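Asks: Make a model of this:
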Amino acid sequence: MNIKQVTVYASSSRALDPVYYDAARRLGKTLADARLDIIFGGGGVGLMGAVADAALEAGGEVHGIIPDFLADIEHGHKNLTSMDVVSDMRIRKERLLERGQAVVTLPGGCGTFEELFEAMTMKRLGQYLGPIVLVNTNGYYERCVDFLEHSVSERFMSRLHADMWQVVDQPEDVLDALANAPEWRAEFLSFSSVAAEHD
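Replies: Below you'll find the predicted structure:
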């Protein structure tokens, strides 16, 4: 897959340990240095603001998509390459997933979880085919990954579905994860359900 634009999901919280903001900035610089445009939720604070600021400082392009009712709450970023203001969260999520050829997820709360799991669901159904990479800063996603693996072991998902995501500990490892992600094709919809005889 020829990846030119990466969708980044991330928190807008301003109350996090500095290790999370540092990782977000490093991700922004890593993507910008690789000449990958960033598509994100448009916020100017929290991890969203950190990743955008670092990418812009490194000469990258950053495109925001934000619902009008969140523009004040998330302090819509004022210096982006472009900003689309949309009417609701549904359109925001749809455009975020449509515009990126890959998804990278920094730590976040329920909104980030929703975006991540929607991307996984659409991939499972063959409607989204790009890589999904979780940046496991400070071990943040370990419980989430354990739960996903538990879902596989309990046969709510096929073992093949575990190829839908990759996990990295450092933002600098994202590029290798994108380059080496297992291929995913639309016809994989045929195993969206888990057969009873599946091992």
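
Asks: Can you give the distance of stretch 3-13 from its chain's centre?
Replies: With Cα atoms, centre = their mean, to the nearest Å as the basis, stretch 3-13 stands 5 Å off its chain's centre.

Asks: buried set for it?
Replies: By neighbour count on 16 or more other Cβ atoms under 10 Å, the buried set for stretch 3-13 is Ile3, Gln5, Val6, Thr7, Val8, Tyr9, Ala10, Ser11, Ser12, Ser13. For the C-beta atoms, the positions are set from N, CA and C on the backbone; glycine is no exception.

Asks: Return the closest of those with respect to Phe147.
Replies: Tyr9 (17.6 Å; Cβ to Cβ).

Asks: re earlier: okay if I get the buried residues of stretch 3-13 as JSON lines plus distance to Arg26, pLDDT and secondary structure?
Replies: What follows is the buried residues of stretch 3-13, written out as JSON lines (distance: Cβ to Cβ, whole Å; pLDDT from 0 to 100; DSSP: H, G, I helix; E, B strand; the rest coil):
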{"residue": "Ile3", "distance to Arg26": "19", "pLDDT": "97", "secondary structure": "coil"}
{"residue": "Gln5", "distance to Arg26": "19", "pLDDT": "98", "secondary structure": "strand"}
{"residue": "Val6", "distance to Arg26": "14", "pLDDT": "98", "secondary structure": "strand"}
{"residue": "Thr7", "distance to Arg26": "18", "pLDDT": "98", "secondary structure": "strand"}
{"residue": "Val8", "distance to Arg26": "12", "pLDDT": "98", "secondary structure": "strand"}
{"residue": "Tyr9", "distance to Arg26": "16", "pLDDT": "98", "secondary structure": "strand"}
{"residue": "Ala10", "distance to Arg26": "13", "pLDDT": "98", "secondary structure": "coil"}
{"residue": "Ser11", "distance to Arg26": "16", "pLDDT": "97", "secondary structure": "coil"}
{"residue": "Ser12", "distance to Arg26": "18", "pLDDT": "94", "secondary structure": "coil"}
{"residue": "Ser13", "distance to Arg26": "18", "pLDDT": "95", "secondary structure": "coil"}
